[in-house]
Structures are given as structure tokens and as C-alpha cells.
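Participant: Give me the fold of what follows.
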Amino acid sequence: MPSSWMITGKEEGNSGADFGMGKKGIFGGLNGAMAKFYATIFGVPKEKEVFHGPVLVRRGQNDVALRGNIFSINNGGLPKRDYSVVSSGIREFDSLISSGGFEKSSSILVSGGAGTGKTTFTMQSIYYSIVEYGEKGIYISFEEDTQKIKLHMKNNYGWDFDALEKKGLFAILKIDPVEVSRAVEEFLLNKNGELRIGLEKIELPFVPDKIVVDSLSALAIAFSDDQNYRKYIRELFESLEALNCVSYLISETEQDPKIYSRSGVEEFLADAVVVLYNVNSSGKRENAIEILKLRSSSHRKGLVPYYFTPKGIAIQSKKT
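Facilitator: Sure, this is the predicted structure:
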């Protein structure tokens, strides 16, 4: 068995290895106690679980989980990873981060209540990354109509995504979350350890520099089984990392959240958590942004005010 295969916190033939998904996967580098904790919240049984790269194969009598990357690239393959730091495309936001941006292959959970500007923030990041840095971007919508999203961005901020689409620099995809959940749950249904059906991949027109998934909340609601949702989300994060781009995953929360995702586990998987607030201050709603977590760099702590302008979100990055 290859040395990267892990079984219940110990590598086969090596009694001291970390529980992991490959050597640097989701559970890589965890001690035994933390490995068991992660295994519990992700529904991983304590015995006979084998991980190899993005592949999870259950060796007992239970089902087989998802295999490989859930994305395919039109006329191309996955890029090599370089973990270089790139701008978010929003300069005031970059100034909150010591490194000046996000690492490639980073997953960013963008959480907030209704009307806090999660779509605006992520679309602003994509738009200015394209026009100012020559990048490419993809937006995946599980909820809103794609034409409506583009129309609102143009009417509110003057961002012409149709023009970028025609140049091959931007793509927006609408995916039915119910179809995804049904396919995944059928995929995981077989109890004999053999695949009943193949899981259709999400085809991307090109390798993006930034990608948005909107939203995890809509996807979670479509699943009838929370454990199946958690398995799919784990594979989604791994698959996005393999694209070597900055990935934004939007999560709907309460206006003053204590949990930043529907299941409470997405923030464990994410490399960063950015929270948008709409707080009630003396009877008046005010917006604030917070970098709650960032693995790759030190960053500004606490709430930072922001407001909406005809050019998008403006962040008050300088302390007053």
C-alpha cells in the first residue's frame, strides 16, 4: 500500500502517522484527539477508513464516498499549485492582510446575513481582478438567475460582465442544487462498496483565477441527509483547492452570527472566513466586515466599517 494511505489515525505499517487525507489533506497534521474530533463532525467512522489524495474509499460494509475532483476543465487539465499570493481585487480589503492578498488554492468562506453584500463583495473581487490584473473568473449560482445577477451588477455598479463573458474572461453557471444532492445521495447509497452510478462532473469552460460558489446554504437545504452534505462539501473544498485559484464560498447566516455556516463545519475546512455584518447601532443599521480566520497571513483584527458606493463596496481600512 502506498505510504500516503491512512487508516484510522495510523499509517499502515507505521504506527505513528497522522490521520490524514493523503499527507496534507483535510486531516493531515492532526494529533489523535483532533483527528477523532474531525472524524466525528464529518461522519467518518473510527475504523477501516482509507484516504488517498482526493479519494475516500470505505473498506468496511458501508458505502463508497466521492472519488476524484468534482470539476472537469473544458479542453484542459488541472493546473500545478504554486501558492503565490494574489490580490483580492479590492485594494482596501488587501490592506487588512499583511501579505496583501490571498494565497492561490485558498478557500474563502464569505458569511453574512441577507443584504450584507456577499454577492457584491465576491463579484467585485472577480471584476477588478479581471480588469486590473488580467485574471479570469467563474461564478457558480445554486440560487439566483444568472442574467439577473449580471443585470444587478451592471445597474448598481456599472460592472459589465456580459462584455467580459464575450472576451472569454468570465463565465457564470447556474446549477440546480437538487440535482446535485440527488446524484450524490444515489452515489453514496450502495452498501456493498461498489458504485451504483457515476457522479457527473461540473464542467468549467477554463481554469479560473477566482471562482465563487453561491451559496452553500442553498446546497445544504437540497440534501435530505446532513452526513451526505458534509461528505460532498469536503470533496468540494478539496476539488476547489486543486484548481489553484482563490475560491469564495458564500454562506447565509443570521445578521449577527455565532455560527458562520449551515452545518457549522465549513469554517473548519476553509482557509479563511470573512464575515459581513449588518449591525444595529442605536436604531440604525451599519455594515462592518471582519476577517475571522486566515491561515496564510496575519491580518487586521476586529470589525471594519464598509459602505456601498456606485463602484461597489468601500472599506474604511484606515483606523480613525
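
Participant: For the strand or helix carrying V184, name the packing helices and strands.
Facilitator: Element membership of V184 [criterion: DSSP states H and E] is helix 177-187. Applying 3 or more Cβ pairs under 8 Å, 6 or more residues apart in numbering; DSSP states H and E, one finds that helix 177-187 makes contact with helix 216-222, helix 226-242. In short, each C-beta sits where N, CA and C put it, glycine included.

Participant: Any idea which of those helices gets closest to D145?
Facilitator: helix 216-222 (12.9 Å; Cβ to Cβ).

Participant: Identify the residues contacting that closest one?
Facilitator: For helix 216-222, the external contacting residues (Cβ atoms under 8 Å, 6 or more residues apart in numbering) are 142-143, 177-178, 180-181, 213, 229, 232-233, 249-252, 261-263, 266.

Participant: Now a ChimeraX select for only the buried ones of those.
Facilitator: Buried residues within the contacts of helix 216-222, by 16 or more other Cβ atoms under 10 Å, are selected in ChimeraX with:
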select :142,143,177,180,181,213,229,232,233,249,250,251,252,261,262,263,266
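
Participant: Would you mind naming the helix or strand containing the residue nearest to L173 when sequence neighbours are not counted?
Facilitator: Leaving aside its chain neighbours, L173 sits nearest to I140 (5.0 Å; criterion: Cβ to Cβ, 6 or more residues apart in numbering). Counting by DSSP H and E, the element that carries I140 is strand 137-141.

Participant: Run through the residues that contact the closest residue to V184 other than its chain neighbours.
Facilitator: Closest residue to V184 apart from its sequence neighbours, by Cβ to Cβ, 6+ apart: Y232 at 4.9 Å. Counting by Cβ under 8 Å, 6+ apart, Y232 touches 66, 180-181, 184, 219, 223.

Participant: Between all of those residues, which two are separated the most?
Facilitator: Pairwise distances across the contacts of Y232 peak at 14.1 Å for L66 and L219 (criterion: Cβ to Cβ).

Participant: And these two? Which one has more around it.
Facilitator: L219 (24 against 21; other Cβ atoms under 10 Å).

Participant: Got the confidence number for that one?
Facilitator: pLDDT, L219: 94.

Participant: ok so, going back, report the mean per-residue pLDDT for the helix holding V184.
Facilitator: 88.

Participant: Specify the angle between that helix and strand 137-141 in degrees.
Facilitator: 80 degrees (axes from the mean of the first three to the mean of the last three Cα atoms, to 10 degrees).

Participant: C-terminal to helix 177-187, what's the next element?
Facilitator: By DSSP H and E, the next helix or strand past helix 177-187 is strand 202-204.

Participant: what comes into contact with the helix or strand that that following strand is followed by?
Facilitator: Sequence order places strand 210-214 as the next helix or strand after strand 202-204, per DSSP H and E. By Cβ under 8 Å, 6+ apart, the surrounding residues in contact with strand 210-214 are 89, 118-119, 122-123, 125-126, 129, 135-144, 204, 219, 236, 240, 243, 245-250.

Participant: for strand 210-214, the distance to its chain's centre please.
Facilitator: Centroid displacement of strand 210-214 relative to its chain, using Cα atoms, centre = their mean, to the nearest Å, is 7 Å.

Participant: Likewise for stretch 92-111?
Facilitator: The answer for stretch 92-111 is 13 Å, by Cα atoms, centre = their mean.

Participant: okay but Q316 is in contact with V304, surely?
Facilitator: Yes: using Cβ atoms under 8 Å, Q316 is in contact with V304, at 6.3 Å.

Participant: which of the two has more neighbours?
Facilitator: Of the pair Q316 and V304, V304 is the one with more neighbours under other Cβ under 10 Å, namely 21 against 14.

Participant: I figured the more buried one hits L96, correct?
Facilitator: Yes: contact criterion Cβ under 8 Å: V304 and L96 qualify, at 6.5 Å.

Participant: Can you work out which residues contact both of these two?
Facilitator: 315, 317.

Participant: By mean pLDDT, which helix or strand of the protein comes out lowest?
Facilitator: strand 6-7 (a mean of 27; mean pLDDT, DSSP states H and E).
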